[in-house]
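> Just need the structure, nothing else, for what follows:
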Amino acid sequence: MKRPTTRNASRAVSENCLSPAATNASASEHSAKLPCLVVVEAHDCARVLVVTLEHVQLALPVVVHDDREALAVVAVPWHHAMLIRHGLPFWNELFGDNHWRRMVIGRHGDRGSFEYFLRELGYGLLPWVAVAPAALGWAVMRGRATPVGAAPTPPEEIRRQGIIWLGAIWFVSAYAVVSVSMTKFHHYVLPAIPGLAIVVGCFLDDVMRRRATRAAAAAVLVGVPLLLLVTVDLVGTKNAAQHFLWLFSYDYVHSPHGRPWPESLDFGATLIGFAVAFGVLSVALIWGRARRFALVGLSGAAVLFTYFLLDGYMRAVAPFWSQKDLIATYYRTRRSPEERLIAYQMYWRGETFYTKNEIYEGAQEDRTVFDQEGADDKLKDWLGRNRGHRHFFLFEHGQQAHLQQLLPIETQKTFRVLDERNNKFSVAQADL
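Below is the predicted model of the structure:
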């Protein structure tokens, strides 16, 4: 994951201020089409928003008269605030590097086409993946013009159709933009999810109101096999659950098969249990008498699954992916701030976050981050200027032997690992 750090002013601006929505609106197949693509998407989404607001009659603190005003209300305040705070470097970094370059040239990351985000949608939509395909098909088929001579459409139906259009266009346009982007990461599809959620909610409401057994059966016929496929993908191996981490972290770019997985963690049984519950409740949508219970049950299961991911899964994997516990060990062990923490060949930026940037403050020669070209020589120079103290080292397991050899010969025997609970990183000390 990228570091929340102030090591580089313009980089810090982009990484700390760039919202997923801004990143999402950043893709094009040809540079000549790029400005039109982004502007058209923003313009069309704003127009749909205004039309929907007119139909739904939402109470807003301001009266929005057209799509340009809606776009200004939604998009301008954040950019305006960031420009005031950071000036032109923010603009260059956001649009020049994180938009234009990622869209048309490509940076580090994956490559792919339309199908790239389908798998991530399967993981991210649980348990609603079982009804999402049918909901999208229903949204497309539903918006038909009223035949000539037919009774006028009731106002409430017009409002309902406006909400469905909002969700469908939101999802399709957002998904299209990130699909044509040259640079792809799993989390780029996140801004499309709320639109799909609107469509799914409207579809289930329609099934309940009209007692649409055929629609429910079609949803189950398509969705349950898809749910089974997603579940198999998540429990096929012990480390398959890392796909949840990959929804917001891009370890997969550097390690396509995943970083080392803790032997003590196995979420297979829990995930299978949730999948069975999701499947049974989805099938129950077919029967009219059980439909309301099934819908309430699915909603409850979704809440419980979210709780499991946040309070169970994340808390279990955090000690093996984060440097928090290791850095806590350093602060508990050191006797004074003069005993510095040295981050050697660390590229994950947790070391700067959890030390509140302490390791990168002050003059260049006083900083204790060594992670780029010439890192070994710079570390030796720093150690030579800071003898007479005990110091601490944060490093990846594979770097331990090399790091120890960089210490002055007479101090190498004092090198001692303090915390090895993390299966990726360690913290050690040495008396210099």
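
> If we ignore the residues flanking it in sequence, what's nearest the residue nearest to the spatial centre of the chain?
Centroid check for the chain by C-alpha atoms, centre = their mean gives F248 as the closest residue, at 3.1 Å. Residue nearest to F248 in three dimensions, not counting chain neighbours: H187, with 5.2 Å by C-beta to C-beta, 6 or more residues apart in numbering. Yep, even glycine has a C-beta here, placed from its N, CA and C like the rest.

> Run a quick neighbour tally on the one you found.
19 (other C-beta atoms under 10 Å).

> Confirm that it sits in a helix.
Yes. Assessed with DSSP: H, G, I helix; E, B strand; the rest coil, H187 lies in a helix.

> May I ask you to confirm that the residue nearest to the centre of the chain is in contact with F185?
No. Taking contacts as C-beta atoms under 8 Å, F248 lies outside contact range of F185: 9.3 Å.

> Can you list phi and psi of the nearest residue to Y347 once chain neighbours are set aside for me?
Once flanking residues are discounted, Y347 sits nearest to D371: 6.0 Å by C-beta to C-beta, 6+ apart. The phi and psi values for D371, taken as degrees, to the nearest 10, are phi -140, psi 10.

> wait, D371 sits on W348?
No. Judged on C-beta under 8 Å, D371 makes no contact with W348 at a distance of 9.9 Å.

> more neighbours, these two?
Shown here are D371 and W348; by other C-beta under 10 Å, W348 has more neighbours (20 against 16).

> mind checking the SS state of that one?
coil.

> What distance do you get for it to H186?
17 Å (C-beta to C-beta, to the nearest Å).

> Give the residues shared as contacts by F248 and F185.
Common contacts of F248 and F185, defined by C-beta atoms under 8 Å, 6 or more residues apart in numbering, are absent altogether.

> surely K378 meets F370?
Yes. With contact defined as C-beta under 8 Å, K378 counts as touching F370 (5.5 Å).

> which one of those two has more residues nearby?
Using other C-beta under 10 Å, the more surrounded residue of K378 and F370 is F370, with 23 against 17.

> and stretch 267-284, which residues are buried?
Using 16 or more other C-beta atoms under 10 Å as the test for burial, stretch 267-284 gives F267, L271, F274, A275, A277, F278, G279, L281, S282, V283, A284.

> and if you look at stretch 215-235?
In stretch 215-235, counting by 16+ other C-beta under 10 Å, buried: 215-216, 218-220, 223-224, 226-227, 230-231, 234-235.

> quick one: which of those residues is nearest to E120?
Distance to E120, by C-beta to C-beta, is smallest for V230 among those, at 10.5 Å.

> The closest one: which element?
Assessed by DSSP states H and E, V230 sits inside helix 213-235.

> Show me what that helix is packed up against.
helix 118-124, helix 132-142, helix 193-210, helix 268-283 (3 or more C-beta pairs under 8 Å, 6 or more residues apart in numbering; DSSP states H and E).

> swap the cut-off to 6 Å and go again
helix 132-142, helix 268-283 (3 or more C-beta pairs under 6 Å, 6 or more residues apart in numbering; DSSP states H and E).

> And the contacts of the last one?
Residues from elsewhere that reach helix 268-283 (C-beta atoms under 6 Å, 6 or more residues apart in numbering): 127, 130, 220, 224, 227, 231, 234-235, 294, 297-298, 301, 305.

> Apply 7 Å and report the result again.
Outside helix 268-283, the residues within contact range by C-beta atoms under 7 Å, 6 or more residues apart in numbering are 126-127, 130-131, 220, 223-224, 227, 231, 234-235, 241, 294, 297-298, 301, 305, 308.

> lowest-pLDDT helix or strand in this protein?
helix 20-24 (a mean of 33; mean pLDDT, DSSP states H and E).

> Any idea how far apart the tips of stretch 316-331 sit?
23 Å (C-alpha to C-alpha, to the nearest Å).
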